[in-house]
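A.B. asks: I would like to see how this sequence folds:
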Amino acid sequence: KQFCITAERRKSFGAHVRQQMQAQERVQLCSAANGVTDMLLTLSQIPSLGNIKQDDRNCRDLPCLLQLKKEYNSVIRERRALLGDLDNQILELEKKAVKQNQRAVKAKQASSSKDLQKQIETLETCLRNVTVHFHTNMTRNKKLQEEIEDLQMQKEIFGNLYFKLHKELDQLGCQMNTVMEQAMQAYEERMEDLARISDMKERNSKDIVKYNIELQERQCVLDQEARLKSLMCTKFTNRSELEEEAVKKRALKAAQKAKRSQVESFESHQVAYERLLEMAEDRHIDRLLNDLMKMKKKNFACFRYVTELNSELGKIDQRVKDLQSEIMALMMDREHAESSSLHVLKELEEKLNKTTEEANWYEEQYKVGREVLDLQISGMEALCKEINCDTMKIVKQLAENEQNMDLNLKQLFGLIEKKINELLLMESVLRYTAADESDPAQTFVSPLLGGIEVLQEMDLAQLYLLAPTLASTIDIINTVDVPLDRSQLHELVLQSQEESWGNTTDMNKTGRNSVK
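C.D. replies: Next up, the predicted model:
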């Protein structure tokens, strides 16, 4: 730890020194650049005595600065060389420390047999857990792939629906534009018709006003003439004459009443005729009557035209209202379609986000499981090396392909587990025989640690129980498809021992005699 701390301190010190040197170089370069810019500015200015003096000073200072730069560069190179030497020393020391640690680990592994047994048990449990977890992850991945495919199909379906709705919206927009243009044209026509109607009304009102004014003027003229006639009659008649005439008139009133009606009717006709003559330009009544008939016909035609325009305007207003209602309905349908499509798109985005998150989580879990599997595989390789188990045969059985090994891990683990079960059976048999007849001073060595060499060094007489027990148990194990647990193996060994106990008594006696 102290060595690592010192190495880290040296690295940090070297990095700090490099940073300081780089900062000094940058400052010096910036100062030199500033000096050059100042020199250029001074040269660009008008020459004067002060500028010449400053140029001389700057020329004197430049070689000093260049010398300082060279000295600093040399110091930087020396420091870099020292730092490189220190780094090389640190790497060598680290390599030595790693080698020492490896040696210590190897010594501990060689000396600790119980730790190896515990590691075997833990590796077995880890292998089982990892296989179960791997299978669960594979099933989950398959389900997720199916869900992703379903979601992709739904996405395509919704995409097609979206494009169809978009096309329909474009068509509706075109229809709305045409309807709006038609409405604008109808509105313009309506405004033109209203302008025409207003002009006709103004003309009619002006004609009516002119006619009323002319009537008033004619009535005033008639009143003045009647007044003048009455004044002239009063001047030329005396009172006596008036009284006599009054008596006569009273006598003649009865006779004159019948005549007055006729005279008044004639006078009224005459007055009307005179007025018509006055109104006529060329004193022709027929022309005036024809003009009046033409005016009446024009007024009647204008009235009919106005009524027709009003009816058409009503129809146009109703059509505009219908178009507005249709436009509002189309707008509502468009908003509803947009809101529904946006809602569907939001739901799809949420589903995609959830699926991506789940896929990322499963990928992370797969990576973790893969790391655990790699560790277990490396541990199993080390264990096979310690057991002196030939892995080439297993690889040949698995088609001699790494990809096939990755796919057929279950078969690989089954074969390795069978090998471990065989070794455990051998160990149990050896322990049983050692407990019966082995020397107490002799230390028992596990075949899992020593491998085949320990079995070869042992006497064949001590292995008289090996042939019958192992053959039967191996046959039983081969008949089983699923790998066995430690407890199941223990029970299987006890059953085989109990069954073969009666048959092996004679063989035990002969074995003891031969050993003696």
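A.B. asks: Please make it C-alpha for all contacts and neighbour counts, starting now.
C.D. replies: Will do.
A.B. asks: what separates His336 from Lys346, distance-wise?
C.D. replies: For His336, the distance to Lys346 (C-alpha to C-alpha, to the nearest Å) stands at 15 Å.
A.B. asks: So Ile76 is in contact with Met21, correct?
C.D. replies: Yes - Ile76 is within contact range of Met21, at 6.8 Å (criterion: C-alpha atoms under 8 Å).
A.B. asks: which ones are touching Val306?
C.D. replies: By C-alpha atoms under 8 Å, 6 or more residues apart in numbering, the contact list for Val306 reads Ile197.
A.B. asks: now swap in Leu151 and tell me
C.D. replies: Neighbour list for Leu151: Leu352 [criterion: C-alpha under 8 Å, 6+ apart].
A.B. asks: mind redoing it with 10 Å?
C.D. replies: By C-alpha atoms under 10 Å, 6 or more residues apart in numbering, Leu151 lies in contact with 145, 157, 348, 351-352, 355.
A.B. asks: Switch those residues over to TSV; also include distance to Arg196.
C.D. replies: Output for the contacts of Leu151, formatted as TSV (distance: C-alpha to C-alpha, whole Å):
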residue	distance to Arg196
Gln145	75
Ile157	58
Leu348	60
Lys351	65
Leu352	65
Thr355	70
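A.B. asks: out of the residues you listed, which are buried?
C.D. replies: Among these, those classed as buried by 16 or more other C-alpha atoms under 10 Å are 348, 352, 355.
A.B. asks: Now the first one: closest residue in space that isn't a chain neighbour?
C.D. replies: Closest residue in space to Leu348, ignoring its immediate chain neighbours: Lys155 at 7.3 Å, by C-alpha to C-alpha, 6 or more residues apart in numbering.
A.B. asks: so what pLDDT did the one you found get?
C.D. replies: Looking at Lys155, its pLDDT reads 78.
A.B. asks: Go ahead and list the helix or strand containing it.
C.D. replies: Following DSSP states H and E, one finds Lys155 within helix 113-236.
A.B. asks: Ile148 is in contact with Arg140, correct?
C.D. replies: No - contact criterion C-alpha atoms under 10 Å: Arg140 and Ile148 do not qualify, at 11.9 Å.
A.B. asks: More neighbours: which of these two?
C.D. replies: Ile148 (17 against 14; other C-alpha atoms under 10 Å).
A.B. asks: and the closest residue to the more buried one other than its chain neighbours, what helix or strand is that in?
C.D. replies: Leaving aside its sequence neighbours, Ile148 sits nearest to Thr355 (C-alpha to C-alpha, 6+ apart; 7.3 Å). Per DSSP H and E: Thr355 is located in helix 285-387.
A.B. asks: any idea of the angle that helix forms with helix 113-236?
C.D. replies: Angle between the axes of helix 285-387 and helix 113-236 is 170 degrees (criterion: axes from the mean of the first three to the mean of the last three C-alpha atoms, to 10 degrees).
A.B. asks: Report the buried residues of stretch 340-353.
C.D. replies: In stretch 340-353, counting by 16+ other C-alpha under 10 Å, buried: 341, 345, 348, 352.
A.B. asks: do the same with stretch 307-321
C.D. replies: Buried residues in stretch 307-321 (16+ other C-alpha under 10 Å): 309-310, 313, 316-317, 320.
A.B. asks: what's the answer for stretch 77-97, then?
C.D. replies: 79, 83, 86-87, 90.
A.B. asks: what do you get for stretch 19-32?
C.D. replies: Those would be 21, 25, 28, 32, for stretch 19-32 by 16+ other C-alpha under 10 Å.
A.B. asks: Show me those that map onto helices.
C.D. replies: Members of these lying in helices (criterion: DSSP state H): 21, 25, 28, 32.
A.B. asks: which residues touch the first one?
C.D. replies: To tie it back to what came earlier, the one meant is Met21. Taking C-alpha under 10 Å, 6+ apart as the test, what Met21 contacts is 15, 27, 72-73, 75-76, 79.
A.B. asks: how about 7 Å then?
C.D. replies: Ile76 (C-alpha atoms under 7 Å, 6 or more residues apart in numbering).
A.B. asks: ok, now the last one?
C.D. replies: With contact set as C-alpha under 7 Å, 6+ apart, Ala32 has no partners.
A.B. asks: how much space is there between Leu383 and Lys419?
C.D. replies: Applying C-alpha to C-alpha to Leu383 and Lys419 gives a distance of 11 Å.
A.B. asks: Who has more neighbours out of those two?
C.D. replies: Shown here are Leu383 and Lys419; by other C-alpha under 10 Å, Leu383 has more neighbours (18 against 15).
A.B. asks: mind checking how far that one is from Thr125?
C.D. replies: In terms of C-alpha to C-alpha, Leu383 sits 15 Å off from Thr125.
A.B. asks: need the contact list for Lys165.
C.D. replies: Heads up, residue 165 is Leu, not Lys. Leu165 neighbours (C-alpha under 7 Å, 6+ apart): none.
A.B. asks: no no, Glu156
C.D. replies: Counted by C-alpha under 7 Å, 6+ apart, Glu156 has zero contacts.
A.B. asks: The same query, at a cut-off of 10 Å, please.
C.D. replies: Glu156 makes contact with 150, 162, according to C-alpha under 10 Å, 6+ apart.
A.B. asks: start the count at 484, not 1, going forward
C.D. replies: Done: numbering now begins at 484, and the last item shifts to Glu639.
A.B. asks: By mean pLDDT, point me to the weakest helix or strand of this structure.
C.D. replies: Between all helices and strands in the chain, the lowest mean by mean pLDDT, DSSP states H and E belongs to helix 935-940, at a mean of 40.
A.B. asks: Stretch 604-617 - what's its average pLDDT?
C.D. replies: Rounded mean pLDDT across stretch 604-617 is 77.
A.B. asks: Any buried residues in that stretch, and which?
C.D. replies: Here stretch 604-617 shows 606-607, 610, 613-614, 617 as buried, counting by 16+ other C-alpha under 10 Å.
A.B. asks: Pick the one among those residues closest to Ala590.
C.D. replies: Leu606 (20.9 Å; C-alpha to C-alpha).
A.B. asks: gap between the closest one and Gln848?
C.D. replies: Relative to Gln848, and taking C-alpha to C-alpha, Leu606 is found at 20 Å.
A.B. asks: Verify the contact between Gln602 and Leu866 for me.
C.D. replies: Yes - taking C-alpha under 10 Å as the definition, Gln602 is a contact partner of Leu866 at 9.3 Å.
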